[in-house]
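J.: Sequence first, then the predicted structure:
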Amino acid sequence: HFNDYFPRPTGGSQNDGWEIADSYVIRFVYQHDLAAEAVLHPKAEPENDVERIYVNRPFRPMVRFANYGQQDLAQEVYASVRITKDSDGTEVAYIPDYAVELVPAGLRFNTRDVQFPAVTITEAGRYKIEAYIGSIFEDPAATLIGNNTIVDYFDVEEGMQGVFTVGTMNSGKAKNFETIEDAMSALYTLGVNGNITFELTDAKYVVAGNPAWDFTTTIVGLGYNPSINKTFTMTWKAAQNRAMIKGGVEIEMLSDFGYGVKFGQGLSYPSVENAAVNQSEDPNYINSSGYITFDGGVLKSLKFVMNSNNRFAAPFYLGGGSQNISLKNLIIENANEGLSGNSVRLPIIKGATTVGNIVEYTNDRFVDQFQNVNTYSAGIVNRGQLFNFEDPEVILPPKYDIEDIDTVSNQNIVIEGNEISGFGYGVVSIGMGGLYDVQKGRYVNYNGTSLKVNGNVISDVARAGIAIANEEMVEVVGNRISNVNPNDESLDTRFLQ
């Protein structure tokens with residue numbers, strides 16, 4: 001007789017009301033049984049640009065592992081990833097012995113998603129990814145099942161190159177972005193794999209943020225590529241329908257902190273999660289190679305208007321590490337001249353070192369003990385500087401040490417043929433000067449180099465047309481400066497908050 005309260009087997013023939021099973025499945029459970037379940041990234045069939053893999057752009061492989069044993073495994077668990085070319089088996093990346101903290105056991109809730117360090121692939125094509133997990137504590141018999149390894153395939157695509165339009169005129173057409181923000185998101189997500197030009201088709205654009213328009217950190221592929229001995233450049237200009245009109249394209253920049261278009265180094269790129277500096281632990285992605293040009297052409301068809309409620313204002317701000325930037329034939333104006341037009345107190349560097357934890361210098365906007373706001377404004381600011389980690393707003397990401405950050409002088413800057421009005425200065429360029437190198441035990445020259453300020457028309461400024469300090473190999477030729485109008489405020493250089 002059988003206990004009718006127990007569940008009965010199903011299937012087979014029926015005899016006296018009892019279902020006789022033809023077969024039974026008995027499952028042996030090992031104490032620890034590791035398995036590689038799935039490759040989560042990169043995907044064999046990506047659904048969007050974020051999931052796609054592009055040439056020279058770092059990505060972090062992610063694999064789902066499982067433990068079908070009886071007990072959690074939390075020590076001596078290691079995983080590896082190997083990536084090879086599908087065509088000939090050439091290995092392009094290998095991450096061995098990557099420690100996995102814990103793989104929970106059971107038939108449910110027994111998985112662990114592991115994100116590996118960043119990988120960069122330099123050629124387009126199809127690739128094979130092989131992931132493995134193992135432990136010295138895994139039951140030897142469990143390893144014979146053959147589920148410790150998983151294999152998948154993915155494609156690597158070329159980055160952006162050629163001519164793109166930005167605006168609503170070509171809405172819905174190929175190689176067009178509706179907004180500047182859309183174009184920037186694509187740039188920092190896809191990278192470039194050739195020279196690239198953006199043509200602005202609309203009469204007006206508005207960009208907002210802090211900065212309003214951000215070119216800091218690495219745009220993958222832009223600049224010199226030693227592996228192919230080529231340099232890729234980027235140009236922004238007016239499209240043909242606006243290029244024949246002076247100021248035919250107006251870019252209004254809204255920024256609470258007064259920064260318009262910003263170049264140079266950056267610790268992160270907040271507006272695009274998939275930017276290289278955010279996805280990789282390599283500190284080189286903090287840097288920017290530049291090779292960026294804004295050119296309004298002979299008719300000065302690009303007009304930049306700074307609109308900020310801050311006494312500091314810089315429509316173009318070339319921050320620390322800015323290199324290979326050309327600003328040519330632009331109209332640069334101040335929409336809030338009554339507030340920031342008389343700001344002329346330039347920052348001071350003193351006792352700085354190449355290690356950023358003991359830097360002493362004033363920020364672009366500095367409030368002293370008497371609540372006086374010391375700041376300045378200029379149509380174009382080229383300022384070599386270190387990250388000031390004494391400033392509570394400048395936060396070093398945990399993945400970096402201060403020593404990881406390169407000290408890079410600003411160099412190869414061209415400021416030519418622009419019309420600038422309504423600021424404390426037309427152009428301000430201040431290099432870092434001599435910094436004390438802790439490792440070398442002496443001062444090292446970090447002046448800016450190869451600056452050209454030529455043929456600009458500067459008017460209605462409070463202190464001076466051009467101010468330059470701590471720069472070498474400077475060329476200043478053919479600039480016309482008029483209506484320099486110092487008043488009580490610009491002479492005193494201090495303002496009540």
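T.: Yes, it's here.
J.: could you pull out the strands for the stretch 201-350 of the chain?
T.: Using DSSP state E, counting those that start in this stretch, the strands found in the stretch 201-350 of the chain span residues 204-208, 213-214, 223-225, 230-232, 234-238, 249-254, 259-263, 292-295, 302-307, 314-318, 323-328, 330-334.
J.: elements contacting the longest strand seen in the chain?
T.: Determined from DSSP state E, the single longest strand within the chain is strand 125-135. Packed against strand 125-135 by the contact rule (3 or more C-beta pairs under 8 Å, 6 or more residues apart in numbering; DSSP states H and E) you find strand 34-41, strand 62-67, strand 77-85, strand 149-157. Bear in mind the C-beta positions are built from the backbone N, C-alpha and C, glycine included.
J.: what's it in contact with?
T.: The contact list for strand 125-135, computed with C-beta atoms under 8 Å, 6 or more residues apart in numbering, reads 32, 34-36, 39, 42, 61, 63, 65, 73, 75-87, 92, 100, 103, 121, 143, 148-156.
J.: What subset of those is buried?
T.: Buried by 16 or more other C-beta atoms under 10 Å: 32, 34-36, 39, 42, 61, 63, 65, 73, 77, 79-85, 92, 100, 103, 121, 143, 148, 150, 152, 154-156, out of the contacts of strand 125-135.
J.: Run a quick neighbour tally on I228.
T.: 10 (other C-beta atoms under 10 Å).
J.: quick one: it from T122, how far?
T.: Distance, I228 to T122, by C-beta to C-beta, to the nearest Å: 9 Å.
J.: try T235
T.: 24 Å.
J.: Comparing these two, which residue is more hemmed in?
T.: T235 (16 against 11).
J.: Isn't that one up against G297?
T.: No: between T235 and G297 there is no contact under C-beta atoms under 8 Å: 11.0 Å.
J.: ok, and V381, which helix or strand is that part of?
T.: Using DSSP states H and E, the element containing V381 is strand 378-383.
J.: returning to that earlier point: relative to the longest strand of the chain, what are the paired strands and their orientations?
T.: Paired strands of strand 125-135, with direction, are strand 77-85 (antiparallel), strand 149-157 (antiparallel) (DSSP bridges).
J.: List the buried residues for the following helix or strand past the first one?
T.: Read that as strand 77-85. The helix or strand immediately downstream of strand 77-85 is strand 91-99, counting by DSSP H and E. When neighbours are counted by 16+ other C-beta under 10 Å, the buried residues of strand 91-99 are found to be 92-93, 95, 98.
J.: just stretch 341-348 next, same as before
T.: Buried-residue list, stretch 341-348, by 16+ other C-beta under 10 Å: 341-347.
J.: now G266: how far from I121?
T.: 24 Å.
J.: ok, now E157?
T.: Going from E157 to I121 by C-beta to C-beta gives 10 Å.
J.: And V476, which helix or strand is it part of?
T.: Per DSSP H and E: strand 471-477 holds V476.
J.: That strand pairs with which strands?
T.: Assessed with DSSP bridges, strand 471-477 is paired to strand 448-454 (parallel).
J.: Find me the pLDDT at the closest residue to D282 other than its chain neighbours, would you?
T.: Nearest non-adjacent residue to D282, counting by C-beta to C-beta, 6 or more residues apart in numbering: A118, 6.6 Å away. You'll see A118 listed with a pLDDT of 87.
J.: contacting residues around A118?
T.: Per C-beta under 8 Å, 6+ apart, neighbours of A118: 58-60, 279-282.
J.: What mean pLDDT does stretch 51-64 get?
T.: The model assigns stretch 51-64 a mean pLDDT of 89.
J.: and what of stretch 238-248?
T.: pLDDT averaged over stretch 238-248 gives 95.
J.: residues making contact with it?
T.: Here stretch 238-248 has contacts from 165, 167, 169, 199-203, 237, 249, 296-297, 299-303, 331, using C-beta under 8 Å, 6+ apart.
J.: for that stretch, which positions count as buried?
T.: Those would be 238-239, 241-243, 247-248, for stretch 238-248 by 16+ other C-beta under 10 Å.
J.: what's the spacing between it and its chain's center?
T.: 30 Å (C-alpha atoms, centre = their mean, to the nearest Å).
J.: and if you look at stretch 384-391?
T.: 18 Å.
J.: Buried residues of that stretch, list them for me.
T.: For stretch 384-391, by 16+ other C-beta under 10 Å, it's 384-389.
J.: Pull it out as CSV, backbone CA atoms only.
T.: Extracted in CSV, the C-alpha atoms of stretch 384-391 (Å, rounded to 0.1, in the frame of the first residue of the first chain):
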residue,chain,number,x,y,z
GLY,A,384,46.3,75.8,-17.5
GLN,A,385,45.6,74.3,-14.1
LEU,A,386,45.5,71.3,-11.9
PHE,A,387,42.4,69.8,-10.3
ASN,A,388,42.0,71.6,-7.0
PHE,A,389,41.0,68.9,-4.6
GLU,A,390,40.8,71.4,-1.8
ASP,A,391,37.6,72.5,-3.4
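J.: Quick check: mean pLDDT of that stretch?
T.: The model assigns stretch 384-391 a mean pLDDT of 82.
J.: quick revisit: any chance of a PyMOL selection covering the buried ones in the contacts of A118?
T.: In PyMOL syntax, the buried subset of those is picked out as below (16+ other C-beta under 10 Å):
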select buried, resi 58+59+279+280+282
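J.: and the longest helix for this structure?
T.: Longest helix in the chain, counting residues (DSSP state H): helix 180-190.
J.: That one: what's the following helix or strand?
T.: With secondary structure assigned by DSSP H and E, helix 180-190 is succeeded by strand 192-200.
J.: got the contact list for that following strand?
T.: 54-56, 158-167, 177, 183, 219-222, 232-240, 242, 249, 251, 302.
J.: rerun that using 6 Å as the cut-off
T.: Defining contact as C-beta atoms under 6 Å, 6 or more residues apart in numbering, one finds that strand 192-200 is touched by 55, 158-161, 163-166, 183, 221-222, 232-236, 238-239, 249.
J.: next one: stretch 102-114
T.: So stretch 102-114 is in contact with 63-67, 69-74, 79, 100, going by C-beta under 6 Å, 6+ apart.
J.: What are the buried residues along that stretch?
T.: For stretch 102-114, by 16+ other C-beta under 10 Å, it's 103-105, 110-112, 114.
J.: Narrow the residues you listed to those in helices?
T.: Counting by DSSP H, those contribute nothing to helices.
J.: Out of those, the closest to G319 would be?
T.: Set against G319, the nearest of the buried residues of stretch 102-114 by C-beta to C-beta is V114 (36.2 Å).
J.: May I have the beta-bridge partners of that closest one?
T.: Beta-bridge partners, per DSSP bridges, of V114: V63.
J.: same check, this time on A79
T.: Assigned bridge partners for A79, using DSSP bridges, are Y98, I133.
J.: got it, and T165?
T.: Assigned bridge partners for T165, using DSSP bridges, are N176, E199.
J.: picking up where we left off before, take the contacts of A118 and lay them out in JSON lines including distance to V373.
T.: Converted to JSON lines, the contacts of A118 look like this (distance: C-beta to C-beta, whole Å):
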{"residue": "P58", "distance to V373": "41"}
{"residue": "F59", "distance to V373": "44"}
{"residue": "R60", "distance to V373": "43"}
{"residue": "Q279", "distance to V373": "38"}
{"residue": "S280", "distance to V373": "38"}
{"residue": "E281", "distance to V373": "38"}
{"residue": "D282", "distance to V373": "38"}
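J.: How about the contacts made by V453?
T.: Contact analysis of V453 by C-beta under 6 Å, 6+ apart lists 415, 427, 466, 476.
J.: circling back: going through the contacts of stretch 238-248, which ones are buried?
T.: By neighbour count, with 16+ other C-beta under 10 Å, those hold 165, 167, 199-202, 237, 249, 296-297, 300-303, 331 as buried.
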